[in-house]
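A.B. asks: quick one, fold the following:
(2 chains)
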Amino acid sequence: DARVTQTPRDKVTEMGQEVTMRCQPILGHNTVFWYRQTMMQGLELLAYFRNRAPLDDSGMPKDRFSAEMPDATLATLKIQPSEPRDSAVYFCASGVRLAGAPYNEQFFGPGTRLTVL
Amino acid sequence: TQLLEQSPQFLSIQEGENLTVYCNSSSVFSSLQWYRQEPGEGPVLLVTVVTGGEVKKLKRLTFQFGDARKDSSLHITAAQPGDTGLYLCSPRGANSKLTFGKGITLSVRP
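C.D. replies: The predicted model follows:
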């Protein structure tokens, strides 16, 4: 049963600390998405990659957030320095665009719940 | 910027009741997806609709894409406690950014 995995599942940190979240996409999926979910804003797209290249990171605060795919089996989202307003659940999703389809099939991981004190 | 609205925001019903929820926008979409999210988990794709007027059924769930491809509805027949969750719609346009609605929180009481 192929699944997207994310680590850690929960992270509590203090303001100013660096936070790194990791995601292992489903093997064979060529698109990886990072989302942030809060009660106020809902689910927001931060960035996404296709074939490990960043395609859109316009949803991400550039001064403190960075997203990378060091290899096809690992995507990372880093916040440095973290702030209380970054508290949210961060989801990674991986997907594949079927031939001829105008959309991706996205499969979400379980999320990382981040609390910045 | 497209406006995307899901309604109602919250819905609490008794097991066995029927319900319909909506996803509306000012823009035309090439496709639209519905997801369900349970507490502590990520969203799970339920269906993708592509053609205006299209109707898709998934057991007790019926999804419809509006004729003008600006809106969609989800109808649940004889709701069960297992249907409880957050229902998110996510439309796709030719040049639009990937977006999700704020979602509809459904609670089905036994």
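A.B. asks: what's the local residue count around residue A:93?
C.D. replies: Neighbour count of residue A:93, defined by other C-beta atoms under 10 Å in any protein chain shown: 27. From N, CA and C alone the C-beta is placed, and that goes for glycine too.
A.B. asks: from the contact counts, what lies against the one helix or strand it maps to?
C.D. replies: For residue A:93, the element it lies in under DSSP states H and E is strand A:88-96. Counting contacts by 3 or more C-beta pairs under 8 Å, 6 or more residues apart in numbering or on different chains; DSSP states H and E, strand A:88-96 packs against strand A:5-7, strand A:19-24, strand A:31-38, strand A:74-79, strand A:105-108, strand A:112-116.
A.B. asks: which of these comes out lowest on mean pLDDT?
C.D. replies: In terms of average pLDDT, strand A:105-108 trails the rest of these, at a mean of 89.
A.B. asks: how about the residues of chain B by chain A?
C.D. replies: Chain B comes close to chain A at residues B:30-31, B:33, B:40-45, B:48, B:50, B:88, B:92, B:97-103, as judged by C-beta under 8 Å from any C-beta of the partner chain.
A.B. asks: list buried residues within those.
C.D. replies: By neighbour count, with 16 or more other C-beta atoms under 10 Å in any protein chain shown, those hold B:31, B:33, B:42-43, B:45, B:48, B:50, B:88, B:92, B:98-103 as buried.
A.B. asks: give me the subset of the residues of chain B next to chain A lying in strands.
C.D. replies: B:31, B:33, B:44, B:45, B:48, B:88, B:92 (DSSP state E).
A.B. asks: now these in a markdown table, with pLDDT and distance to residue A:41?
C.D. replies: Formatted as a markdown table, these follow (pLDDT from 0 to 100; distance: C-beta to C-beta, whole Å):
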| residue | pLDDT | distance to residue A:41 |
| --- | --- | --- |
| B:31 | 88 | 23 |
| B:33 | 92 | 19 |
| B:44 | 95 | 21 |
| B:45 | 93 | 21 |
| B:48 | 91 | 24 |
| B:88 | 96 | 13 |
| B:92 | 81 | 20 |
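A.B. asks: nearest to chain A within chain B, name that residue for me.
C.D. replies: residue B:42 (2.9 Å; C-beta to the nearest C-beta).
A.B. asks: what ranges of chain A fall below the confidence cut-off?
C.D. replies: Low-confidence segments of chain A (pLDDT under 70): A:101-103.
A.B. asks: got the residues of it near chain B?
C.D. replies: Close to chain B, as judged by C-beta under 8 Å from any C-beta, chain A has residues A:4, A:33, A:35, A:42-45, A:48, A:56, A:58-59, A:91, A:93, A:102-103, A:105-111.
A.B. asks: in chain B, where is pLDDT below threshold?
C.D. replies: B:1-2, B:94-97.
A.B. asks: thank you, goodbye.
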